[in-house]
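A.B. asks: coordinates for the following, if possible.
(2 chains)
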Amino acid sequence: MIKPILYAGLPLLMTLGGAAAFADTIKIGVPVPLSGPYASAGVDVLNAAKLAAADINASGGVLGKQIEILGEDDACDAQQGVQAAQKLVDAGVAAVAGGYCSGAALPELTALHRAGIPYILDASTNPKLTQLGFNNVFRTIGRDDQQGPFAAAFMANYLKAKKVAVIDDNTVYSKGLADNTVAGLKKLGIDVVYYDAVTPGQMDYSAVLSHVASLGPDVIDYTGYFAEAGLMAKEAAALHLAPKLMGGDATDDPTLIKTAGMAANGWMATCAPLPQFLTGAKDFVTNFTKAYNTAPGPYSVYEYDAVEIAAKTIKSAGSTDPATLIAALHKVTDYPGLTGNITFNSVGDRAVASYITVIVKDEAWAPYVKQTPAGQWVPVQ
Amino acid sequence: MSEFIQLVVAGLTTGSFYALVALGYTMVYGIVRLINFAHGDIFMVGAFIGWTVLTAVAASHMPWGIGLLLALILAMLLTGGIGVVIERFAYQPLLSAPPLSILITALGVSIALENGVLLIFGAGFNTYPHLIGSEGFMLGGAHITNIQVGIIVLSFLLMGGLYLFVHHTFIGTAMRALAVDRDAARLMGINVERVIQITFFLGSSLAAVAGVMEGLYYTEINFFMGFVVGLRAFTAAVLGGIGNIPGAMAGGLLIGLLEAFSAGYISSRWTDVIVFLVLIGTLVIKPTGLFGERVVERM
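C.D. replies: Okay, the predicted model is just below:
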C-alpha cells in the first residue's frame, strides 16, 4: 500500500526539488564506535538513540516531523571521528547526540563547532570537552574530574587503602581520569606507589602487574577500557596477586566478565548510576530489553536523555536552526530525564552529577556502594 | 627474584606465540622471497576456527581434553588448507611477476581475511570458553600456571619437530633445496609447486596452533588481533635473520622476553621503543640478523 503512494508523490517531490525531501525528517546524528574493540558499547548507545526516536515519533514527532537517527562509525579514533562528524554535517543534522571515546569526541566536537551544530555527549567524560570554550557542547554525564576524586575517596575511605597503584592506557579519557584520581588520592594523603601507562591492545599485562604488585599497593586502579581490564583481572588472578582491583566507568561492561570469567569476581568500578539502579529508568530497561533482546549498556540511558533533550528543545524552540537550538539548550533547567533532573551549567556540563560504585559478583555486575551527601558510604539499592 | 621468574615465564609465553607465527614468515620468505603480510591474519583465522570448535565442544558434554585436541587439529588442518588455497590463487600466479606485485597481493589478502572474519563473526570480542583455569604451582615465590607451561612446552615441541622435519625428511631437504635455487631444484626433479604448498600448509598450521593457544590463554579474540602479533612476529623473524628457522624461534622468544622485562623493570609504554631499538641495533651490527650468517642456505 505504501509503494503506490510513494510513486504518486514522486513527481511532486521532483518539482519541489531536493530541499523538500530533506525537510521530511529532523535528523539527529549519533557518532559512536561501530567497529573495532568498542563496537559493542557503541551499538548499545546507538540502539538507545533509536529507542528514544521511536518513542518521540510514536507520540507525534517534533514540529510535525519525525525524528531520524543517523548512526556514524567513529571507531573510537580521532581521524575517523572527524570524518564521521563531517558526514553528519553534510547529511544536514539538526543536532548530534552521542559519542563514546573522549579521544574521538574531541575532534568531532571541533568539527561540529565549526559547523555550529550542538553536540550533546552521553558518555565522553573527559573535562577538556567542555573546557575548550565552545558554546555548542553539552553533557548528560559527569566529568572525570568529578569521577576521579570520587574514586579516590572510595579507595581511601571505603576500601581503607594506604597505598594505591594507578594505571592508565594513555588515551584522552583514561589519562584524564587517572590524573584526576591521582590528584584526589594525594589530597587525601594516600601513597601513590605506581602511576604509569600501558599500551592498549597488547594482551599480556602480567609483566606490568607483577611489577606493580611487588610495590605492595592495597588497590590497583586501571582507568582504561574494559577489553584490557578483563585481561588484567584474568592475569592478576593467574599471578595470585593480593591487591584489590578496580577501574573507571569504561571498565563497567559485560565483556570484562566474559573475558575474565571467575577472575572478574571482585572487580569494582566507579560509574554514573546505571539504568538498572535508577528508579526513573525502569520502563526504559524493560523497553530496551524487549526491543534489542539484551540489557542496555551503561551509557544507553544517558544517550536516551541526550536524544530526548535534543528533540524536546527543538520542539520548545520551535526551530531546527542550530544557533537557536544552542541558545535554547543553554536554558535547559531541571529537565526531568531518566537519569534525574538535568540542568546544564554555563559550559554545558550537568550541574549535579552523581557517581556510584559497582562490583562483579558471581560473574555479573551488581550495585555496590555510594556516598551520601554527609560522606557516609551506603549500599546502592 | 620471584618477580624475575614471573617475568621470564610471561616473556617465554608471549615469545612462544611470536616464535610460532615468525616461523611462517621465515619459511615462506626462505622459499619464495615473499614477506607474507597476511600471515598475522592467518593466525587470527586459526584462533577463530579454534573458537568455533571449542564453543561447540563446550555446548556438548565432551571431555574438554578431547575437545581441545579436536580444536587444535581442526584449526591446524583448516587453517593450513586456507594457507594453501591463498597460495594457489593469490600468490602462485605471481611467483614470476615483479616482487612488488606479490607484496601488494599479500596486503590485499590480509584485508580480505580481516573483513571476512568481521562479516562472519562480528566486530566485537568473541570469548573462548573458560576451559582451563588459572591453577598452577609456586616456583621461587612466583605463581606459574599450568597453561603457561603447556604453551611453552607445546611450542618447543612444535619448533623441534619442524627443525627435524626440515633437516631429516625428503620434503624438508626439497624445501632447503628450493631455498638455495628454485630453478636448479626443479631441474633435479623436485615438484616445486607442491613443496611451496607444503611450506604454506606448515606455516599456516603453526600459526593456527598459536592462535588457538592465544585464545585459550587470553580468552578474548577479535578480527584485528592478527595485526599486533603479526607485526611482532615479523620483527622476530627479521631479528633472527629472515629465512632462518632457528633464527625465527630465537627471535620470537627474545622479543617476548624483551617485552616482559621492559614492561616489568622500565615501563610498559616503552616496550615498543625498546623492542625496535634492539632490532635496529642488531641490524646495524649484523645486517643479516642474529642467525643469518649463511647467505646462500636460508633454511
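A.B. asks: residues contacting residue A:289?
C.D. replies: By CB atoms under 8 Å, 6 or more residues apart in numbering or on different chains, the residues touching residue A:289 are A:295, A:296. Bear in mind the C-beta positions are built from the backbone N, C-alpha and C, glycine included.
A.B. asks: can you name the residues of the stretch 1-150 of chain A sitting close to chain B?
C.D. replies: A:34, A:35, A:36, A:37, A:39, A:40 (CB under 8 Å from any CB of the partner chain).
A.B. asks: let's see which of these end up in helices.
C.D. replies: A:39, A:40 (DSSP state H).
A.B. asks: which one is residue A:155 nearest to, not counting chain neighbours?
C.D. replies: For residue A:155, ignoring the flanking residues on the chain, the nearest one in space by CB to CB, 6 or more residues apart in numbering or on different chains is residue A:161 at 4.6 Å.
A.B. asks: unless I'm mixing things up, residue A:243 is touching residue A:221, no?
C.D. replies: No. When contacts are counted by CB atoms under 8 Å, residue A:243 is not listed as touching residue A:221 (9.6 Å).
A.B. asks: for the stretch 201-350 of chain A, which segments count as helices?
C.D. replies: Listed in chain order, the helices of the stretch 201-350 of chain A (DSSP state H, counting those that start in this stretch) span A:206-214, A:226-238, A:254-260, A:282-292, A:300-317, A:322-330.
A.B. asks: can you redo the ones you listed as JSON lines with mean pLDDT?
C.D. replies: Shown next, in JSON lines, are the helices of the stretch 201-350 of chain A (pLDDT from 0 to 100):
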{"stretch": "helix A:206-214", "mean pLDDT": "91"}
{"stretch": "helix A:226-238", "mean pLDDT": "93"}
{"stretch": "helix A:254-260", "mean pLDDT": "90"}
{"stretch": "helix A:282-292", "mean pLDDT": "91"}
{"stretch": "helix A:300-317", "mean pLDDT": "94"}
{"stretch": "helix A:322-330", "mean pLDDT": "93"}
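A.B. asks: kindly reformat those helices as CSV containing distance to residue B:101.
C.D. replies: Listed next are the helices of the stretch 201-350 of chain A as CSV, based on distance: least, CB to CB, whole Å:
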stretch, distance to residue B:101
helix A:206-214, 41
helix A:226-238, 37
helix A:254-260, 41
helix A:282-292, 46
helix A:300-317, 47
helix A:322-330, 50
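A.B. asks: nearest to residue A:360, out of those?
C.D. replies: Evaluated with CB to CB, the helices of the stretch 201-350 of chain A place helix A:254-260 nearest to residue A:360, the distance being 6.0 Å.
A.B. asks: hmm, the closest one touching chain B?
C.D. replies: Yes. Helix A:254-260 lies within reach of chain B by CB under 8 Å from any CB, at A:255, A:258, A:259, A:260.
A.B. asks: okay, and the beta partners of the closest residue to residue A:186 other than its chain neighbours?
C.D. replies: Leaving aside its sequence neighbours, residue A:186 sits nearest to residue A:192 (CB to CB, 6+ apart; 6.5 Å). Taking DSSP bridges, one finds residue A:164 as the beta-bridge partners of residue A:192.
A.B. asks: what's around residue A:192, how many residues?
C.D. replies: Neighbourhood size, residue A:192 [other CB atoms under 10 Å in any protein chain shown]: 17.
A.B. asks: hmm, it is touching residue A:184, no?
C.D. replies: No. Using CB under 8 Å, residue A:192 is not in contact with residue A:184; the gap is 10.2 Å.
A.B. asks: let me know the pLDDT of residue 10.
C.D. replies: No chain was given, so I picked chain A. You'll see residue A:10 listed with a pLDDT of 43.
A.B. asks: nope, chain B
C.D. replies: Residue B:10 carries a pLDDT value of 92.
A.B. asks: the one 5 residues further on too?
C.D. replies: According to the prediction, residue B:15 has pLDDT 96.
A.B. asks: and the furthest pair within the residues of the stretch 1-150 of chain A next to chain B?
C.D. replies: The span of the residues of the stretch 1-150 of chain A next to chain B, defined through CB to CB, is set by A:34 and A:37 at 11.8 Å.
A.B. asks: picking up where we left off before, what distance do you get for the residue nearest to residue A:186 to residue A:151?
C.D. replies: In this view, residue A:192 and residue A:151 are 12 Å apart by CB to CB, to the nearest Å.
A.B. asks: what comes up buried for stretch B:174-190?
C.D. replies: The neighbour-count check on stretch B:174-190 (16 or more other CB atoms under 10 Å in any protein chain shown) flags B:174, B:175, B:176, B:177, B:178, B:179, B:182, B:185, B:190 as buried.
A.B. asks: related to what we said a few turns ago, which one of residue A:243 and residue A:221 has more residues nearby?
C.D. replies: In this view residue A:243 and residue A:221 are compared by other CB under 10 Å, and residue A:221 has more residues nearby, 32 against 20.
A.B. asks: which residue comes closest to that one once chain neighbours are left out?
C.D. replies: Closest to residue A:221 by CB to CB, 6+ apart is residue A:166, at 4.9 Å.
A.B. asks: stretch A:261-274 spans what distance, first to last residue?
C.D. replies: One end of stretch A:261-274 sits 22 Å from the other (CA to CA, to the nearest Å).
A.B. asks: list the buried residues of it.
C.D. replies: Judged by neighbour count using 16+ other CB under 10 Å, the buried positions of stretch A:261-274 are A:261-265, A:267-274.
A.B. asks: over to stretch A:161-179?
C.D. replies: Residues of stretch A:161-179 classed as buried: A:161, A:163-179 (neighbour count, 16+ other CB under 10 Å).
A.B. asks: in strands, which of those appear?
C.D. replies: Members of these lying in strands (criterion: DSSP state E): A:163, A:164, A:165, A:166, A:167, A:168.
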